[in-house]
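Colleague: Return a 3D structure for these sequence lines:
(one chain, ligands or ions: 2)
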Amino acid sequence: MHQFEWQRAVIKVGSALIAPDGQQCSARYLLAIARFITASKEQGKEVILVSSGSVAAGRSSVPIHHPPSIAEKQAMASIGQMQMMANWSRFFDFPCAQLLLTYDDLHSRTRYVNIKNTLRELLNHQALPIVNENDTVAVNELKVGDNDNLAAYTALIAQADTLIICSDVDGLYDQDPRKNPHANLIPEVTCVDESIFALAGGAGTKLGTGGMHTKLQAAQKCTQSGIQTLIVNGQKGAVFDHLLEGKVLGTRFTPVASRENARRQWLKHTLKSGGKIVIDSGAKTAILSKGASLLPSGIVDVIGQFNSGDAVTIEYQNNALAKGLALYNSSDLNNIKGMRSCKIESILGYTFGEAVVHRDDMVLL
Ligand SMILES: Nc1ncnc2c1ncn2[C@@H]1O[C@H](COP(=O)(O)OP(=O)(O)O)[C@@H](O)[C@H]1O
Ligand SMILES: N[C@@H](CCC(=O)OP(=O)(O)O)C(=O)O
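Modeller: Ligands and ions are numbered 1, 2, ... in the order given. Below you'll find the predicted structure:
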């Protein structure tokens, strides 16, 4: 069996674990997951939770005898979200932070940058970010629609190395195990292709959304970006004891590219540069020799018009040295170029911290 190693994980917990039988929130399955999160954090690892269950948890507070309308589901979600957060919070001594996201938020550059910065800051402060879809504002085409894909997007934004999907089934089987009791568990998948998608059926219960299909979509997105993905049974405490010992009881999807390489390729080749930042020799040394972020004090000139979150080329004397994601738009950068970082807030009225291009978002050319 492969030794399971990780440093920053997104853990996705499905509705059937939060509110088993659709009956309010329960600690039944969450205790083992919470213990795993606490033990992992004590080992210096970083965890982001993506928790479903707001609709399932709020269901009993909106009693109806017909299939719920969208508005009724949204009412359930807004009641259940509070209960779900309170349910998680009581397991931890560190703060829990709520992030409610929609598809729009993930695809708007400025919001994407804000989500990323917030996650980074929460992890720096030892808090546990708990993400869910903002069900009350998003319908149909505005939604990610399922938390498996939302968890994959979160893993990409957070630059996690691992996605752990906790469901009510032991992993990926060669057929839906609810329909065929002779189905076999697949312990390892090296490529999520059509033949793997062909094995997936829909949700197992009326609480779940997407079933195995959306879990495979999540695994495909992540493994292509170098993020290993696990599907495990969150109803079995032993799964988490084994994970702490580096053993996976479930299905492991191995990355098809190294994380570094996938990100480098994406930054270097996929993202079009929106402009240029010209730097001085001090900044050049800091970036090339010290692995530093780019600070405003090292900027001599800003060329072109770009938004916060756009890719930019970092140049020294007409040589492109690096490419990275700008935290500030070009007009704000023009106002803070050459300044010390402590001046950013007083000049712009806001700050994302001392860097203008963070080292994590930079690739040397
Ligand atoms: N090939 C398969 N292997 C495992 N489970 C499958 C497969 N096809 C469909 N499923 C179903 O997917 C369900 C898990 O998805 P879902 O109900 O959406 O749960 P969750 O709330 O954890 O997201 C399982 O209970 C199982 O019935
Ligand atoms: N955002 C929804 C969850 C949607 C969803 O994907 O649920 P699940 O398949 O149980 O992970 C909720 O909180 O009820």
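Colleague: Quick test: name the residue nearest the centre of the protein.
Modeller: Nearest residue to the geometric centre of the chain (C-alpha atoms, centre = their mean): residue 154, 1.6 Å.
Colleague: who touches it in this structure?
Modeller: By C-beta atoms under 8 Å, 6 or more residues apart in numbering, the contact set of residue 154 is 10, 48, 50, 101, 119, 131, 160. C-beta: built from backbone N, CA, C; applies to glycine.
Colleague: show me where the protein has strands.
Modeller: Along the chain, the segments classed as strands by DSSP state E run 8-13, 46-51, 96-101, 128-133, 162-167, 188-189, 228-233, 250-253, 273-279, 299-303, 311-316, 319-325, 362-364.
Colleague: the domain parsing of the protein - what is it?
Modeller: Following automatic domain parsing, the chain resolves into domains at 8-259, 271-364.
Colleague: any idea of the mean pLDDT in the first one?
Modeller: Spelled out, it's domain 8-259. Computed over domain 8-259, the mean pLDDT rounds to 93.
Colleague: Make 29 the first number, not 1, from now on.
Modeller: Fine by me, first position is 29 from now on; the one you just mentioned is domain 36-287.
Colleague: quick check, it touching ligand 2?
Modeller: Yes - part of domain 36-287 sits close enough to ligand 2 to count as contact by C-beta under 6 Å from any ligand atom, namely 42-43, 80-84, 105, 160-161, 163, 174-175, 235-238.
Colleague: about what we covered before: most neighbours per residue, which of the strands of the chain?
Modeller: Of all the strands of the chain, strand 190-195 has the most neighbours on average by mean count of other C-beta atoms under 10 Å, namely a mean of 28.
Colleague: Summarise which helices and strands it is packed against.
Modeller: Strand 190-195 sits against strand 36-41, helix 43-46, helix 175-185, helix 239-252, strand 256-261, with contacts defined as 3 or more C-beta pairs under 8 Å, 6 or more residues apart in numbering; DSSP states H and E.
Colleague: Partner strands of that strand, with direction?
Modeller: Paired neighbours of strand 190-195 in the sheet (DSSP bridges): strand 36-41 (parallel), strand 256-261 (parallel).
Colleague: tilt between it and strand 74-79?
Modeller: Here strand 190-195 runs at an angle of 30 degrees relative to strand 74-79 (axes from the mean of the first three to the mean of the last three C-alpha atoms, to 10 degrees).
Colleague: what comes into contact with strand 190-195?
Modeller: Identification of contacts with strand 190-195 by C-beta under 8 Å, 6+ apart yields 34-42, 44-45, 61, 176, 179-180, 183, 236, 243, 246-247, 250, 255-262, 271.
Colleague: Same question for stretch 347-355.
Modeller: Contacts for stretch 347-355 (C-beta under 8 Å, 6+ apart): 141, 145, 295-296, 299, 301-303, 305, 307, 312, 315-316, 322, 334, 336-343, 361, 380-381, 383-386, 389-393.
Colleague: With only the CA atoms kept, save that stretch in CSV.
Modeller: What follows is stretch 347-355, C-alpha atoms only, in CSV (Å, rounded to 0.1, in the frame of the first residue of the first chain):
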residue,chain,number,x,y,z
ASN,A,347,14.9,40.9,-19.6
ALA,A,348,11.9,39.0,-18.5
LEU,A,349,12.9,37.3,-15.2
ALA,A,350,9.6,36.0,-13.9
LYS,A,351,5.9,35.8,-14.4
GLY,A,352,3.4,36.1,-11.6
LEU,A,353,-0.1,37.1,-10.5
ALA,A,354,-0.4,40.8,-9.6
LEU,A,355,-2.2,41.4,-6.3
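Colleague: Centre of the chain to it, how far?
Modeller: The chain centroid and the centroid of stretch 347-355 are separated by 24 Å, computed with C-alpha atoms, centre = their mean, to the nearest Å.
Colleague: what are the phi and psi angles of residue 187?
Modeller: Torsion angles at residue 187 (phi, psi; degrees, to the nearest 10) stand at phi 50, psi 50.
Colleague: Alongside ligand 1, which residues does the stretch 29-178 of the chain contribute?
Modeller: Residues of the stretch 29-178 of the chain found near ligand 1 (C-beta under 6 Å from any ligand atom) are 42, 43, 44, 80.
Colleague: Grab the longest helix from this protein for me.
Modeller: Looking across the chain with DSSP state H, the single longest helix is helix 98-117.
Colleague: list the buried ones in that helix?
Modeller: 100-109, 111-113, 115-116 (16 or more other C-beta atoms under 10 Å).
Colleague: In contact with residue 324: list those residues for me.
Modeller: Contacts of residue 324 by C-beta under 8 Å, 6+ apart are 361, 364, 365, 366, 367, 368, 369, 371, 372, 384.
Colleague: again, only this time at 7 Å
Modeller: 364, 365, 366, 367, 369, 372, 384 (C-beta atoms under 7 Å, 6 or more residues apart in numbering).
Colleague: near ligand 2 too, which of those?
Modeller: Counting by C-beta under 6 Å from any ligand atom, nothing from the contacts of residue 324 sits close to ligand 2.
Colleague: From those, keep the buried residues only.
Modeller: For these, buried by 16+ other C-beta under 10 Å: 364, 365, 369, 372, 384.
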